[in-house]
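Chemist: model this:
(chains A and B)
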2 protein chains.
Amino acid sequence: MRHLFTPKRLACALLTLSSASLLHAAELNTAKPVIAAQARNVILIIGDGMDSHQISSARSYLVGSRADMLLDTLPVRSAVQVLTVDEHNPERPVYVADSANSATSMASGEITSRGRIGTSAGSDRDITNIVELAQAQGFAAGIVTTANITDATPASFVAHTASRGCENPNIMRSNEASFYPPKPDCDADRKPTGAGSIAQQIVEGSIDIILGGGYQHLAATAEGTETTTVAEDGTAEGTGLITLAQNNDFDVVLDVEKLNDLDPNKKIIGVFTDSTMPTRWQGTDGRIAEKVETSLLNKVYVMLGSATLPEPMSCEANPEYADTPSLQSMTAAAIKHLDSRKGDKGFFLMVESASIDKQSHKRNPCGSIGELEQLNEALKIALDYAAKTPNTLILVTADHGQAAQIIPDESLFVKVGIPAYTPGYVARLKTPEGSILAINYATTVFPAEEHTGTDVPLFANEVGLGLVPPRITQPKLFNLMADYLQLDYPKAGH
Amino acid sequence: MRHLFTPKRLACALLTLSSASLLHAAELNTAKPVIAAQARNVILIIGDGMDSHQISSARSYLVGSRADMLLDTLPVRSAVQVLTVDEHNPERPVYVADSANSATSMASGEITSRGRIGTSAGSDRDITNIVELAQAQGFAAGIVTTANITDATPASFVAHTASRGCENPNIMRSNEASFYPPKPDCDADRKPTGAGSIAQQIVEGSIDIILGGGYQHLAATAEGTETTTVAEDGTAEGTGLITLAQNNDFDVVLDVEKLNDLDPNKKIIGVFTDSTMPTRWQGTDGRIAEKVETSLLNKVYVMLGSATLPEPMSCEANPEYADTPSLQSMTAAAIKHLDSRKGDKGFFLMVESASIDKQSHKRNPCGSIGELEQLNEALKIALDYAAKTPNTLILVTADHGQAAQIIPDESLFVKVGIPAYTPGYVARLKTPEGSILAINYATTVFPAEEHTGTDVPLFANEVGLGLVPPRITQPKLFNLMADYLQLDYPKAGH
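Modeler: Predicted coordinates for the structure are as follows:
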């Protein structure tokens, strides 16, 4: 990260905004008259990897194929074109995104290259994000995720690094080679010339509340300090990132119980698991998608012999999930906290259901479906808040497509009588409505599935009627949200 | 097919409609006042297999990833939940459709089982379709397709058979076994107790115009008659289906040139190719998606050695396409013909771009993309007509998802340094905007890819604003269209 836009510089830039921008804000007021003091809020819910296949499969499992999930009932529907560019030639499009560049698009309105957190492709320029803009103009801002708070999606709303992998100071300092994930190049972001790791940028920053997993990254020491420890009473102590956070007016919350009793006068960092939060569901006995077994004759020639599909399974509770807060409870706590701090301006909140994607990488459909259930529950909290709070725009979208495909459990070609089965991995879920939902994972032979390059869905509550066009490019989501909040920002480059 | 709903019975049913239905029609009039005599038209454009991946890949190739295809500019966007049931247990959902049951849903509002054309799952009851309803109530009706006019999608709007394979009398009479496609069971539909093959139902029917491919099916003899022949001047003669058509007031058009000079006083059957119409485009030198080549070491263990992706290719003109009419020209001819026959009621037209699906089955992305270009051109014709003809509702949708997926050309995991490639087939397209678009086909090892079970997109012109909800089940598309045309139909079962 090169610091082109410090908070101080940002404030100066805003004070010298062109009259054209102010006129724009005035026009917005004319088009939709509001009481001057009435706050505006945006809640952006991101289902990571939540493409149309993920929505269809979750619906069929959770409520039945003919019914509606809460998500399905939202009154505004659109499609988002995801855009990515090549790091080495930023004029050249790349057709499949990762969560870093796609979240950067949404957070800051600029198309960048895969792996980048709030920085520009090729030039490593910091890109101002909506949290920075909103807070500089008097709004509160928060982030909730089931991933690490330092993971790509939340990070893109609160930090700037050349690589998503630079999550904590230890990773940045490490000279050890790493097989997976490969060691990121964090030199440009190292302290003291850079702003440090994502975790360090969070604890030294101004976010009103950030909740999720990733204690391992918060427990890492800040550069040049000692190891952070947690005292027996659950209070965090030490001279590392947690101390930095506390010195920067954050309450660091590590105990789920304290979620209901947050101090509205403090900024909050809450981390409840060491790493990504466990998913609510898993396949029977932890099963995921499996390879189809084939007879010897079929191995000799693919049109001969026979193939045996994996046994069907159900989704069951993941025992590891039990002690972690739900996305719903974190969302409720974040909204309550932001509501108490929003003043007369309002707030911006990003809520991420992260493991729709992470479990699709792992070929675990029950993990993704349970996470989509959590997204629907978090949406309920947001809608309830919007019902009693005018001017609360709720957007629900995905950052990119994922590998999982719903394929026929009985092949379309069954009557031909020769074996027809996926070359990848398939999970056969017994749905509560009494059928078999077959989910195929076949983008790669690598141990983790790839993302895909499809358009992704966008939903909005009724506040979005007339604001959300039927199709939008992903960076324009930034403009949509910033304009709704009536933020002033330099329009060039957006 | 069991004839439960002959045209005569249908007319009786309509005359005895309940007052509730009439009230419903009256309410429609109240909600949106219209001049009583003003005609209403519906143009339903179906991109067969045109899911979100197909749209994204066509956009990137045809106009660039940041630009809009015509389709993208439509002002209404929705999602369609595709529904299918089990033939043997119609209460049981099946999560992946074929074109027969999904077109039947759209044409008649009833969920059925795969392979069925306008008949009910399990009970083989004929289901009245929108063409029959509209024509019985004074509307004109037409069908345009790049498939055979007897193929599943058009057939579902004009015929009723237990199996989509019963396309012509010869197939129905044949006792020969067939490897692919397997011989369909057509006994219930055989003449004289049944209504005959799909082709025979078309020539004995009342459609105002039907255009597409499939001369082979029209040339087949009607049961008990001699072979149809084509005279040297291009006029069709004979004692088979073509004679039946001519005796039933059809002009049978086999010559592309005559498309511009149709007799408005005649019904029209136009077929311009023996089978499915050739696609506009193909891959370089006819190449389609290919397997990744791997080193010996990689064959021993998948994490070792190396993999070589197929060489990139471009899309080029398919030489077979040259002499066939475009979807655009057929759509223009059909609209002109229907406009001249619509009277004071209006018309219903279904236009199918069939080979988005057929070429995806064949792992040929250029075939699908060229066909999507044709769909956009046909849409242009429809929009131009709607611009000068009030009350013309245009809907564009797909019938089901398809296998093709946009995957990263450079794996997300490239830095890990072990081979990462699809277990299926991949095509790497050099796009005009200077990048590589990688399309993956990996639903099956069978020679033809499977369909998928995703929700599919729905678009509408501005006439659809306020009519098209943000999400809809596929059978409700029937109600949407029938209600827009103010058709009377029994609401029970719909």
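Chemist: mind listing what the residue of chain A most remote from its centre touches?
Modeler: Distance from the centre of chain A peaks at A:Leu297, with 45.8 Å (C-alpha atoms, centre = their mean). Residues in contact with A:Leu297, defined by C-beta atoms under 8 Å, 6 or more residues apart in numbering or on different chains, are A:Leu304, A:Gly305, A:Ser306. In this view, the C-beta of every residue, glycine as well, is placed from N, C-alpha and C.
Chemist: can you redo these as JSON lines with secondary structure, neighbour count and pLDDT?
Modeler: JSON lines is the format used below for the contacts of A:Leu297 (DSSP: H, G, I helix; E, B strand; the rest coil; neighbours: other C-beta atoms under 10 Å in any protein chain shown; pLDDT from 0 to 100):
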{"residue": "A:Leu304", "secondary structure": "coil", "neighbour count": "14", "pLDDT": "94"}
{"residue": "A:Gly305", "secondary structure": "coil", "neighbour count": "15", "pLDDT": "95"}
{"residue": "A:Ser306", "secondary structure": "coil", "neighbour count": "13", "pLDDT": "95"}
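Chemist: quick one, phi psi at the closest residue to chain B within the stretch 101-250 of chain A?
Modeler: Residue nearest to chain B within the stretch 101-250 of chain A (C-beta to the nearest C-beta): A:Pro182, separated by 4.3 Å. Torsion angles at A:Pro182 (phi, psi; degrees, to the nearest 10) stand at phi -60, psi 150.
Chemist: for burial, what's the neighbour tally of the closest residue to it other than its chain neighbours?
Modeler: Once flanking residues are discounted, A:Pro182 sits nearest to B:Lys415: 4.3 Å by C-beta to C-beta, 6 or more residues apart in numbering or on different chains. By the criterion of other C-beta atoms under 10 Å in any protein chain shown, B:Lys415 has 14 neighbours.
Chemist: single out the residue in the stretch 1-150 of chain A that lies closest to chain B.
Modeler: For the stretch 1-150 of chain A, C-beta to the nearest C-beta, closest residue to chain B: A:Arg77, 3.5 Å.
Chemist: can you pull the contacts of the nearest residue to that residue once chain neighbours are set aside?
Modeler: Nearest residue to A:Arg77, sequence neighbours excluded (C-beta to C-beta, 6+ apart): B:Pro470, at 3.5 Å. Applying C-beta under 8 Å, 6+ apart to B:Pro470 gives the contacts A:Leu74, A:Pro75, A:Val76, A:Arg77, A:Phe459, B:Ser78, B:Ala79.
Chemist: tell me the buried residues within these.
Modeler: The neighbour-count test (16 or more other C-beta atoms under 10 Å in any protein chain shown) applied to the contacts of B:Pro470 identifies A:Leu74, A:Val76, A:Arg77, A:Phe459, B:Ser78, B:Ala79 as buried.
Chemist: quick one: secondary structure of the fourth one?
Modeler: Classification of A:Phe459 into helix, strand or coil gives strand, according to DSSP: H, G, I helix; E, B strand; the rest coil.
Chemist: my guess is it meets A:Leu383, correct?
Modeler: No: taking C-beta atoms under 8 Å as the definition, A:Phe459 is not a contact partner of A:Leu383, at 11.1 Å.
Chemist: the nearest residue to A:Val76 once chain neighbours are set aside: neighbour count?
Modeler: Once flanking residues are discounted, A:Val76 sits nearest to A:Ala460: 3.8 Å by C-beta to C-beta, 6+ apart. Residues near A:Ala460, counting by other C-beta under 10 Å, number 21.
Chemist: ok, A:Ala460 touching A:Ala386?
Modeler: No: with contact defined as C-beta under 8 Å, A:Ala460 does not reach A:Ala386; the gap is 10.6 Å.
Chemist: now do the shared contacts for those two.
Modeler: Joint contacts of A:Ala460 and A:Ala386 (C-beta under 8 Å, 6+ apart) are A:Ile394.
Chemist: pull the helix or strand A:His217 falls within out as CSV, backbone CA atoms only.
Modeler: Element membership for A:His217, per DSSP states H and E: helix A:215-218. Coordinates of each C-alpha in helix A:215-218 appear next as CSV, following Å, rounded to 0.1, in the frame of the first residue of the first chain:
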residue,chain,number,x,y,z
TYR,A,215,-8.4,-14.7,16.5
GLN,A,216,-5.1,-16.1,15.1
HIS,A,217,-4.6,-13.0,13.1
LEU,A,218,-5.5,-10.6,15.9
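Chemist: may I see the buried residues of it?
Modeler: In helix A:215-218, counting by 16+ other C-beta under 10 Å, buried: A:Tyr215, A:Gln216, A:His217, A:Leu218.
Chemist: format the residues you listed as JSON lines; extra columns: distance to A:Glu316 and pLDDT.
Modeler: JSON lines is the format used below for the buried residues of helix A:215-218 (distance: C-beta to C-beta, whole Å; pLDDT from 0 to 100):
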{"residue": "A:Tyr215", "distance to A:Glu316": "27", "pLDDT": "96"}
{"residue": "A:Gln216", "distance to A:Glu316": "27", "pLDDT": "95"}
{"residue": "A:His217", "distance to A:Glu316": "30", "pLDDT": "95"}
{"residue": "A:Leu218", "distance to A:Glu316": "31", "pLDDT": "94"}
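Chemist: make JSON lines from those and add distance to chain B to it.
Modeler: What follows is these, written out as JSON lines (distance: C-beta to the nearest C-beta, whole Å):
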{"residue": "A:Tyr215", "distance to chain B": "26"}
{"residue": "A:Gln216", "distance to chain B": "21"}
{"residue": "A:His217", "distance to chain B": "20"}
{"residue": "A:Leu218", "distance to chain B": "26"}
